[in-house]
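Engineer: Predicted coordinates and the sequence they were generated for:
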Amino acid sequence: MSKINYRKDQIPIMNYENGTMAVPAVPGAGKTFIVTNLVAKLLAENKNEKGKILILTYMNSAANNFKGRIKKILEEKGIDSTNGFEVMTIHSLAAKIIKEKPEVMMLSEDFNIADDLQKTMMLNDCINTFRASGGETAYRYFLKEQKNQMWYDIQLEAWQDGFFELVAKAISSLKYNDITPQKLEENTLSNKGILKMISFIYKDYDKKLKQNGLLDYDDLLIYAYKTLSIDEQLREKFQNRYKYIFEDECQDSNEIQGKIIKLISKENNNLVRVGDINQSITGTFSSSDPKYFKEFIREADNCYRMDMSNRSSKDIIDLANRLVKYITKEFNQIECREALEAMDIKTVPENMGYKENPKPDVYSINTKRYITWKDEVEKTVTYAKNIKKKYPDKSIG
């Protein structure tokens, strides 16, 4: 591991041995690189002893990436430690916990999980049933009157997407707050607002899940936490299984995920959470909230910030820093100023042996504004095609 030339913002992280550690990192700081190398270092030094190192991610693709990288580093060092670590998504961990003792939550052993596609289809079906069952007037109540039919259609299309996300997030929040469809229905009997609409859809959605023997991702996390909380023997089994726990992209973590991780790391208290508050984008359509990572940053034994990035040229980094400064210091709506964290991205020092920032011949940052979604799609596709034609060896973001 000593052959690698770590940057000065990475060295303290690589010196980690135990305890809780928060690693806030800017885009392009090398989060995956540093986590994989730190895990490999701990395994090479046998710090995990008889336990395992658990790495939690949020996407299967990220899990596979971590597995491949760690395995490669260990192979290069001649170490066979494939049994020393596990990489999985937070939902895979939740499913693993429940399957150990499904009877705790009165579930059958052959329960299935509704993936995102199944959930979307079922939820859309429930929304359409609500609209077809006398709810269309209430559904359209939130649309403004438009003299121009084109603008009304555009507004209706945007509302359809927005309403789906609103319902999905509301159902998640209700579940995490232990509010069943029955409880909600009892409390909205005299209500004619948005909660009345959600109550109908939530009840129908819950019914569909049960009829098909399915749990959605929210159910998985809730049931896993309850299972660990109720069954002391199972809780101790998971606490003893993992000597270290690493959580990636934890700006997208929610409260129940944090509780699960805290429970299973309690025995050894070796927990590393890595993330970027300014890249928290799932909160608009899920129950995730970067405030939980902020709390961990304040409470952790150590906090080391990776604030250098070699991903972008200096002009792009300067623009990103300016936008963050505008939001956190100057934005008119003061209550929105905490949406981002005031963490400057720094360029990588030159001539130090690090991978440096790209230096394009010409700096050019432009913006375009489109009136309609159709126009935006067509013009953007044409623009991307022309760039690809002009620079066939370059990638486009």
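Structural biologist: Now that the structure is in, tell me what you want to look at.
Engineer: switch to C-alpha atoms for all contacts and neighbour counts from now on
Structural biologist: OK.
Engineer: can you pull the pLDDT of the residue sitting nearest the centre point of the chain?
Structural biologist: Compute the mean C-alpha point of the chain, and by CA atoms, centre = their mean the closest residue is D252, 3.3 Å away. For D252, the model assigns a pLDDT of 87.
Engineer: Counting neighbours, what do you get for the closest residue in space to it that isn't next to it in sequence?
Structural biologist: The shortest distance from D252 to any non-neighbouring residue, by CA to CA, 6 or more residues apart in numbering, is to S288 (5.2 Å). If you count neighbours by other CA atoms under 10 Å, S288 ends up with 22.
Engineer: average pLDDT across the host helix or strand of F238?
Structural biologist: F238 belongs to helix 232-241 when assigned by DSSP states H and E. Mean per-residue pLDDT for helix 232-241: 95.
Engineer: same thing with stretch 268-281?
Structural biologist: 89.
Engineer: And the helices in the stretch 101-250 of the chain, which stretches?
Structural biologist: Taking DSSP state H, counting those that start in this stretch, the helices of the stretch 101-250 of the chain run over residues 116-130, 136-140, 149-176, 181-187, 194-211, 217-230, 232-241.
Engineer: among the ones you listed, which is the most enclosed?
Structural biologist: Most buried of the helices of the stretch 101-250 of the chain, by mean neighbour count (mean count of other CA atoms under 10 Å): helix 217-230, with a mean of 20.
Engineer: Could you check the angle it makes with helix 116-130?
Structural biologist: Angle of helix 217-230 versus helix 116-130, following axes from the mean of the first three to the mean of the last three CA atoms, to 10 degrees, is 110 degrees.
Engineer: on that earlier part again, mind checking what secondary structure the residue nearest to D252 has?
Structural biologist: The three-state label given to S288 by DSSP: H, G, I helix; E, B strand; the rest coil is coil.
Engineer: Give the full set of residues in contact with it.
Structural biologist: By CA atoms under 8 Å, 6 or more residues apart in numbering, the contact list for S288 reads Q251, D252, S253, N254, E255, T282.
Engineer: Give me the buried subset of these.
Structural biologist: Neighbour-count burial (16 or more other CA atoms under 10 Å) is assigned, among the contacts of S288, to Q251, D252, S253, N254.
Engineer: ok, of those, which one's closest to N351?
Structural biologist: Closest approach to N351 among the buried ones among the contacts of S288 (CA to CA): Q251, at 32.8 Å.
Engineer: Tell me how many other residues crowd the closest residue in space to L174 that isn't next to it in sequence.
Structural biologist: The shortest distance from L174 to any non-neighbouring residue, by CA to CA, 6+ apart, is to T180 (7.2 Å). For T180, the count of nearby residues is 17 (other CA under 10 Å).
Engineer: try E86
Structural biologist: A count of nearby residues for E86, using other CA under 10 Å, gives 16.
Engineer: My reading is that it lies in a helix. Confirm?
Structural biologist: No - membership of E86 in a helix is not supported by three-state DSSP, which gives strand.
Engineer: That one reaches I55, doesn't it?
Structural biologist: Yes - using CA atoms under 8 Å as the test, E86 is close enough to I55 to be in contact (6.2 Å).
Engineer: Could you look up the SS state of K99?
Structural biologist: At K99 the chain is in helix, as set by three-state DSSP.
Engineer: Would you confirm that the residue nearest to L174 contacts S173?
Structural biologist: No - counting by CA under 8 Å, T180 does not reach S173; the two are 10.8 Å apart.
Engineer: Dump the buried ones among the contacts of S288 into CSV; add distance to E338 as well.
Structural biologist: Listed next are the buried ones among the contacts of S288 as CSV, based on distance: CA to CA, whole Å:
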residue, distance to E338
Q251, 14
D252, 16
S253, 18
N254, 18
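Engineer: which residues of this protein score low on pLDDT?
Structural biologist: Within the chain, the ranges that satisfy pLDDT under 70 run 1-2, 81, 281-287.
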